[in-house]
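[1] everything below, folded, please.
(2 chains)
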Amino acid sequence: MSAEKIDVHYVAKLARIELSDSEAEAFSSQLADVVAHVQELNEVDLSKADSLIEQQGAGENHLREDEPFPGLPRDPVLANAPESSEGEIVMPKIVE
Amino acid sequence: MDITTETISSLRKQLIAGDIEAVDIVEALDERIKATEPSVHGYLRFDKERAIDQAKSADLSKPLGGIPIAIKDNINETDEFCTCGSKYLESYRAPYNATVIERLKDAGAYCYGRTNMDEFAMGSSTEHSAFQKTNNPWDKDRIPGGSSGGSASVVGARSAIAALGSDTGGSIRQPAALCGCVGMKPSYGMVSRYGLVAFASSLDQIGPFSRSVEDSALVLQAIAGYDPHENTSCREPVPNFSEHLGKSVKDLKIGVPKEYFGEGIDPEVRALVQKSIDWFSKEGAQVEETSLPHTKYAIAVYYIIATAEASSNLARFDGVRYGHRTSEATDPISTYLKSREEALGTEVKRRIILGTYVLSSGYYDAYYNRAQKVRALMKHDFDEAFKDFDLIVSPTSPTTAFKAGERLDNPLQMYLADVFTIAANAAGICALSLPCGFTQENLPVGLQLMGPRYGEPTLFQASHAYEQAHDWWKTIPSIA
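    Model (predicted):
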């Protein structure tokens, strides 16, 4: 990997964050510094890494019994919603 | 007697003996808050009346009966605000209790005050809070560390007996070191993360701030253990930590990793940490140099993995179900774009964008995958070291508290504050910072002890022995 210039506007769009031009400009150079710093990972010998990852494992998977239990109470959840109506959360229209 | 300078263990004795009542603690803390908060600003909110009610009904027969605990503002507590230091969650009230809150209540403790933090726990100075700047109780022109700077500052200023924080790359230990208190990051899985607002799920752990190591063990005892809500929580029984206090460090094997004593360490920090290491030798511990060869890559690994996980975790803040929604939205996409633009702070946006970048098509292998591989090598370094040593010792932070504003414009410089604390999160091991002296400028310095995963008993044993042989932890800032 090489330290490429980050297209901040493009990545911000992927992250669903609108950025002002001044913010994008500041991020562009700050993130370039960080990305340049992480280039040092290129020098690490990774030949043993895959077998180590296998050895270390992710731990056992545990599945709980499929038994119903109460969810969050509706009122405090709806009280947090920006907009709600008739027990449901309201969003701007998706389809015209 | 000044209640606010006492420990949980001493207050518990006095409560049981009937020398004080639980409400006396609230009154004493309230007085201290009035004196210190105008210059510290560690609390976002505290409700004295509610605390008095809870103190009055406290069950003193429980292990933490009658003890108030301050809570970092990213841990859900039913009906309380839980802002995470963000405008986005300014009006959010938690509809449920985090497991740690349930456990504290079960142990007889109650929550007193919500503490300031870097927004969504992203920062090392608490300057990234959307609401207020918190100052270091030892020097109000300096930062308290972060991201749990509020919790550290109020325990340091004696306006809280103990507090909870969260630690993703050092967010408990670094501020504890800078504010002169004990800060403990449990092993990954020791404490349930259910109800902690997620930053980087493979690294996050909740842990205690306290005056003493004994108190740290008491609080961890209450909050640790398996939780059916949280599948990464440890299924093994939790050991009785207090049983390990009071033992000597004789014959313990302690490793001193040479990579933690290189360039960039403040000479006074180095000298005080060295003096502490000499104490362990003098007491009969076998102290030897060791090596954790991948230490230098910790920051790079962390800022790839943590931001990648954050970009995913923080996708939930989209203006739909709770938190801020823009008034300018016309459709769902503009709701996301604008709500996030308007209510997330600069550092959070910066990290989400970095995390999105390292996960994006064409870069995933080069950054995220590579970082995961180096993380495995870091973990292996510790596995090897713990074959020879019971504990590893290092400075907690390379410097003492820096001046407010000093690193705000240089994110990379800010990230380097975590250079000694990140590895413990990456490896999932336990680590504790405790005071080990003061510099000429009277700023506290922290000593970090690291133990293997679930090695908390030995970690507490050695920390307690060191603490009891010194008076650092009893030293109180002039502000208090």
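[2] show me where the stretch 251-400 of chain B has its strands.
    For the stretch 251-400 of chain B, applying DSSP state E, counting those that start in this stretch gives strands covering B:253-257, B:286-290, B:391-395.
[3] got the contact list for the first one?
    Right, strand B:253-257. Strand B:253-257 is contacted by residues B:277, B:280, B:285-292, B:295, B:385, B:388-394, B:462 when judged by Cβ atoms under 8 Å, 6 or more residues apart in numbering or on different chains. For every residue, glycine as well, the C-beta is placed using N, CA and C.
[4] buried subset of these, written for ChimeraX?
    Buried subset of the contacts of strand B:253-257, written as a ChimeraX selection, criterion 16 or more other Cβ atoms under 10 Å in any protein chain shown:
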select /B:277,280,285,286,287,290,292,295,385,389,390,391,392,393,394,462
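[5] circling back: can you lay out the strands of the stretch 251-400 of chain B as a markdown table showing mean pLDDT and distance to B:Gly18?
    Output for the strands of the stretch 251-400 of chain B, formatted as a markdown table (pLDDT from 0 to 100; distance: least, Cβ to Cβ, whole Å):
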| stretch | mean pLDDT | distance to B:Gly18 |
| --- | --- | --- |
| strand B:253-257 | 98 | 42 |
| strand B:286-290 | 98 | 45 |
| strand B:391-395 | 98 | 40 |
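[6] which among these is found nearest to B:Gly405?
    strand B:391-395 (23.7 Å; Cβ to Cβ).
[7] only alpha carbons, please: show that closest one as CSV.
    The C-alpha trace of strand B:391-395 is given here as CSV (Å, rounded to 0.1, in the frame of the first residue of the first chain):
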residue,chain,number,x,y,z
LEU,B,391,3.4,-8.8,35.1
ILE,B,392,4.8,-6.2,32.8
VAL,B,393,5.6,-2.7,34.0
SER,B,394,5.8,0.6,32.1
PRO,B,395,4.9,4.3,32.3
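[8] counting by contacts, list what that strand packs against.
    strand B:253-257, helix B:267-282, helix B:370-388, strand B:444-451, helix B:456-468 (3 or more Cβ pairs under 8 Å, 6 or more residues apart in numbering or on different chains; DSSP states H and E).
[9] how does it look with 7 Å?
    Packing contacts for strand B:391-395, counted by 3 or more Cβ pairs under 7 Å, 6 or more residues apart in numbering or on different chains; DSSP states H and E, involve strand B:253-257, helix B:267-282, strand B:444-451, helix B:456-468.
[10] can you name the residue of the stretch 51-200 of chain B nearest to chain A?
    B:Pro95 (3.9 Å; Cβ to the nearest Cβ).
[11] do you know how far that residue is from B:Phe209?
    In this view, B:Pro95 and B:Phe209 are 26 Å apart by Cβ to Cβ, to the nearest Å.
[12] who's more crowded, the two?
    Set B:Pro95 next to B:Phe209 and count neighbours by other Cβ atoms under 10 Å in any protein chain shown: B:Phe209 wins out with 35 against 19.
[13] what about the helix or strand of chain B with the lowest mean pLDDT, near chain A?
    Within chain B, no helix or strand scores below helix B:411-415, which has a mean of 83 by mean pLDDT, DSSP states H and E. Yes - judged by Cβ under 7 Å from any Cβ of the partner chain, helix B:411-415 and chain A are in contact via B:Pro411, B:Leu412.
[14] any idea which helix or strand comes after that helix?
    helix B:422-427 (DSSP states H and E).
[15] off-centre distance for that following helix?
    Relative to the centre of its chain, helix B:422-427 is centred 13 Å away, using Cα atoms, centre = their mean, to the nearest Å.
[16] nearest residue to residue 16 other than its sequence neighbours?
    If you meant another chain, say so; for now it's chain A. Residue nearest to A:Arg16 in three dimensions, not counting chain neighbours: B:Tyr336, with 4.1 Å by Cβ to Cβ, 6 or more residues apart in numbering or on different chains.
[17] try again with chain B
    B:Leu60 (6.3 Å).
[18] quick one: the one you found from B:Glu21, how far?
    9 Å.
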